[in-house]
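A.B. asks: Provided below for reference: sequence and predicted model.
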Amino acid sequence: MSTGTCPPSVGRPRAFDMEKALEKALDVFWKKGYDGASLSDLTEAMGINKPSLYSAFGNKEQLFLKAIELYEKRPCAFFYPALQQPTAYQVAEHMLFGAATSMADTSHPHGCVVVQGALSCSEAAETVKAALIARRRNGELALRERLEQAREQGDLPTEVDTAVLARYLGTVLQGMAIQATNGATPEELKQVAQLTLDNFPRR
């Protein structure tokens with residue numbers, strides 16, 4: 001854990017746990033979206049004042065992007081760890097079932113903050129929206145490269161278009177995120193995951 005010390009507007013400097021504060025900010029952004037989360041919402045949840053927020057994290061946009069970095073490194077993160085699985089099928093399996101479990105987990109807001117954030121950003125938050133879209137594209141590219149490796153190793157049929165397959169899996173994951181936000185249960189999302197796997201190309 002890292003600890004930062006930032007001066008409040010009046011009185012002695014106030015120490016706070018930056019990682020815990022960032023986790024609280026992530027919860028607010030996840031529930032309300034980037035535009036819906038006000039500075040008052042954020043500072044109240046984080047237990048700090050505005051000068052402390054600016055000093056430790058920069059502006060609201062920088063705070064959001066730091067929260068997204070934390071989101072992608074959580075212990076329950078499933079996307080990038082899935083790429084380490086030994087076969088293409090297991091990559092997809094780990095990714096899809098990980099999404100089904102994580103996105104509908106009742107211990108945190110449902111869905112995916114990256115997907116929801118990009119969908120709900122206004123024109124005023126175009127920079128944030130562009131950053132989220134870039135993250136999704138980078139993820140799709142990493143998945144495509146992993147699938148290309150699998151094809152070269154004979155783990156996927158040679159006729160498989162890895163770009164289309166990566167885009168297809170990404171589309172399913174984004175759809176699952178929206179379904180989770182709308183109240184789908186882990187069991188319902190696992191049914192979607194299994195149907196996707198039933199049609200996954202294998203040698």
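C.D. replies: Thanks, I have it.
A.B. asks: show me where this structure has strands.
C.D. replies: 3-6, 14-17 (DSSP state E).
A.B. asks: mean pLDDT lowest where, among the ones you listed?
C.D. replies: Per-stretch mean pLDDT for the strands of the chain is lowest at strand 3-6 (a mean of 38).
A.B. asks: need the helices for this protein, in chain order.
C.D. replies: 18-36, 39-46, 50-57, 60-72, 79-82, 88-103, 113-120, 126-152, 162-181, 186-198 (DSSP state H).
A.B. asks: by contact count, what packs against the shortest one?
C.D. replies: This points to helix 79-82. helix 88-103, helix 126-152 (3 or more Cβ pairs under 8 Å, 6 or more residues apart in numbering; DSSP states H and E). Heads up, the C-betas are built off the backbone N, CA and C, glycines and all.
A.B. asks: so what touches that helix?
C.D. replies: Helix 79-82 is contacted from outside by 72, 91-92, 94-95, 98, 139, 142, 173, using Cβ atoms under 8 Å, 6 or more residues apart in numbering.
A.B. asks: was I right about Asn49 contacting Leu42?
C.D. replies: No - with contact defined as Cβ atoms under 8 Å, Asn49 does not reach Leu42; the gap is 10.8 Å.
A.B. asks: what about these two, which has more around it?
C.D. replies: Leu42 (23 against 17; other Cβ atoms under 10 Å).
A.B. asks: quick one: residues contacting that one.
C.D. replies: For Leu42, the contact set (Cβ under 8 Å, 6+ apart) comprises 25, 28, 53, 60, 63.
A.B. asks: likewise for Val160?
C.D. replies: Val160 touches 147, 151, 201, counting by Cβ under 8 Å, 6+ apart.
A.B. asks: likewise for Glu187?
C.D. replies: Counted by Cβ under 8 Å, 6+ apart, Glu187 has zero contacts.
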